[in-house]
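Undergrad: could you look at this predicted model? Sequence included:
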Amino acid sequence: MSIFEVIMLLCFGAAWPFSIYKSYTSKSTAGKSLVFLLILLTGYVAGVLHKAFYSYDKVIFLYIINFCMVSVDTILYLRNSKQESHSVNNF
């Protein structure tokens, strides 16, 4: 287990609750990118797979937690995008 890997994942993980809250309350996709979120999800999957197959330790849980938070933000992005398209079509 690398302390630097733990710090990186904790720092990234600390930002996601704020992003999720903003996505949930603003109901807007402004400042968000679906491509970026999908790239992050891919990276976290790669991290989990690496830990599972080559270097299993407790850090895998940080990857899983971060993956879950990015997944929630991605779902909110899709919800907000759908709501935005409905509001545009209603005018």
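TA: Everything's here; your move. Since the model is a prediction, treat every value here as computed from it, not as a measurement. Numbers count the residues shown, from 1 in each chain.
Undergrad: how about stretch 14-32: buried residues?
TA: Of the residues in stretch 14-32, those buried under the neighbour-count criterion (16 or more other C-beta atoms under 10 Å) are 16, 19, 20, 23, 29, 32. Heads up, the C-betas are built off the backbone N, CA and C, glycines and all.
Undergrad: which strand or helix spans residue 78?
TA: Element membership of residue 78, judged by DSSP states H and E, is helix 60-89.
Undergrad: residue 48 is in contact with residue 64, correct?
TA: Yes: the criterion here is C-beta atoms under 8 Å, and residue 64 meets it with residue 48 at 6.1 Å.
Undergrad: of those two, who's got more company?
TA: residue 48 (18 against 15; other C-beta atoms under 10 Å).
Undergrad: so which strand or helix has that one?
TA: Assigned by DSSP H and E, residue 48 belongs to helix 34-53.
Undergrad: which residues does that helix contact?
TA: Outside of helix 34-53, the residues within contact range by C-beta atoms under 8 Å, 6 or more residues apart in numbering are 57, 59-60, 63-64, 66-67, 70-71, 73-74, 77-78, 81.
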